[in-house]
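K.L.:
sequence plus the predicted model coming up.
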Amino acid sequence: MSKLGSNARPAVLRVHSEEKATDLYQVCEEMGWKVIINIDSDKPEDLSDYHRLIGKSRSLFS
């Protein structure tokens with residue numbers, strides 16, 4: 001299985017605002033993660049893939 005955040009398996013996020021999408025995109029770009037961000041205020045936010053990636057990066061630097 002491909003690594004989360006790669007070209008083959010980008011992280012998929014859902015947020016309520018364009019501002020939040022921009023902020024998350026910048027962080028993902030800095031970390032070299034590929035991401036697809038959907039902006040939809042009618043559905044609950046889903047940042048689970050982002051949290052998985054952040055958790056992995058923290059464990060690498062600890």
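P.N.:
Structure's in. What do you need?
K.L.:
tell me which helix or strand in this protein has the weakest average pLDDT.
P.N.:
For the chain, counting by mean pLDDT, DSSP states H and E, helix 48-61 ranks last in confidence among helices and strands (a mean of 82).
K.L.:
show me where pLDDT drops low in the protein?
P.N.:
57-62 (pLDDT under 70).
K.L.:
just the strands in it please.
P.N.:
Counting by DSSP state E, the chain has strands at residues 11-15, 35-39.
K.L.:
from the contact counts, what lies against the last one?
P.N.:
The helices and strands touching strand 35-39, judged by 3 or more CB pairs under 8 Å, 6 or more residues apart in numbering; DSSP states H and E, are strand 11-15, helix 18-31. For the C-beta atoms, the positions are set from N, CA and C on the backbone; glycine is no exception.
K.L.:
what's the burial count for S48?
P.N.:
A total of 12 residues lie near S48 under the criterion other CB atoms under 10 Å.
K.L.:
just how off-centre is stretch 49-57 within its chain?
P.N.:
Distance, stretch centre to chain centre, for stretch 49-57: 8 Å (CA atoms, centre = their mean, to the nearest Å).
K.L.:
can you list contacts of that stretch?
P.N.:
4-5, 11-13, 24, 28, 31, 33, 35 (CB atoms under 8 Å, 6 or more residues apart in numbering).
K.L.:
what subset of those residues is buried?
P.N.:
With neighbours counted using 16 or more other CB atoms under 10 Å, the contacts of stretch 49-57 contain these buried positions: 4-5, 11, 13, 24, 28, 33, 35.
K.L.:
looking at those residues, which is nearest S41?
P.N.:
Set against S41, the nearest of these by CB to CB is L13 (14.0 Å).
K.L.:
quick one: contacts for the nearest residue to that closest one once chain neighbours are set aside?
P.N.:
Closest residue to L13 apart from its sequence neighbours, by CB to CB, 6 or more residues apart in numbering: I37 at 4.8 Å. I37 sits next to 13-15, 21, 24-25 when contact means CB under 8 Å, 6+ apart.
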